[in-house]
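Participant: Build me a model:
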Amino acid sequence: MAKPKSNKDGYQRVLAVITKSKLAECLGLTRQAVGNWGDEVPEAWAYRVSIITGVPIDEILPEVAPDVHRKLKELAI
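Facilitator: Numbers count the residues shown, from 1 in each chain. Model (predicted):
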């Protein structure tokens, strides 16, 4: 699969690995809550989604990946 160029493409990459229902279960959310994300994974959930799916954050949120990495570094995660 080609590397996603947009956050929307990144979410489609995640959904190629796991269903919304299973993702919601793994995150401790309802299926409706994950459905309310719209077309992209929220930044606040990207790290956990990456761990669960094995999809790198750079592919989940390619448009904002540098900012996400910076925030994670500040939090020392």
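Participant: shaky segments in this structure?
Facilitator: When residues are selected by pLDDT under 70, those of the chain lie in 1, 77.
Participant: Tell me where it has strands.
Facilitator: With DSSP state E as the definition, the chain shows no strands.
Participant: Centre-most residue in it?
Facilitator: Centroid-nearest residue in the chain, with C-alpha atoms, centre = their mean: Ala46, separated by 3.7 Å.
Participant: Quick one: the helices in this structure, in order.
Facilitator: Secondary structure of the chain (DSSP state H): helices at 7-17, 20-27, 31-35, 43-53, 57-60, 65-75.
Participant: Pick the most deeply packed of the ones you listed.
Facilitator: Scoring these by mean neighbour count under mean count of other C-beta atoms under 10 Å gives helix 57-60 as the most buried, with a mean of 20. (Each C-beta comes from the backbone N, C-alpha and C, glycine too.)
Participant: Please name every helix or strand in contact with that helix.
Facilitator: Applying 3 or more C-beta pairs under 8 Å, 6 or more residues apart in numbering; DSSP states H and E, one finds that helix 57-60 makes contact with helix 7-17, helix 43-53, helix 65-75.
Participant: Show me the contact partners of that helix.
Facilitator: With C-beta atoms under 8 Å, 6 or more residues apart in numbering as the test, helix 57-60 has contacts from 3-4, 7, 10-11, 13-14, 41, 46-47, 49-50, 65, 68-69.
Participant: Now with 10 Å, please.
Facilitator: 1-5, 7, 9-11, 13-14, 40-41, 43, 45-47, 49-51, 53, 64-66, 68-69, 72 (C-beta atoms under 10 Å, 6 or more residues apart in numbering).
Participant: Work out the gap between that helix and the centre of the chain.
Facilitator: Centroid displacement of helix 57-60 relative to its chain, using C-alpha atoms, centre = their mean, to the nearest Å, is 7 Å.
Participant: Could I get the CA-only coordinates of it as CSV?
Facilitator: Extracted C-alpha coordinates of helix 57-60, given in CSV (Å, rounded to 0.1, in the frame of the first residue of the first chain):
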residue,chain,number,x,y,z
ILE,A,57,2.0,7.8,13.3
ASP,A,58,3.7,9.3,10.1
GLU,A,59,1.2,7.3,8.1
ILE,A,60,-1.8,7.9,10.3
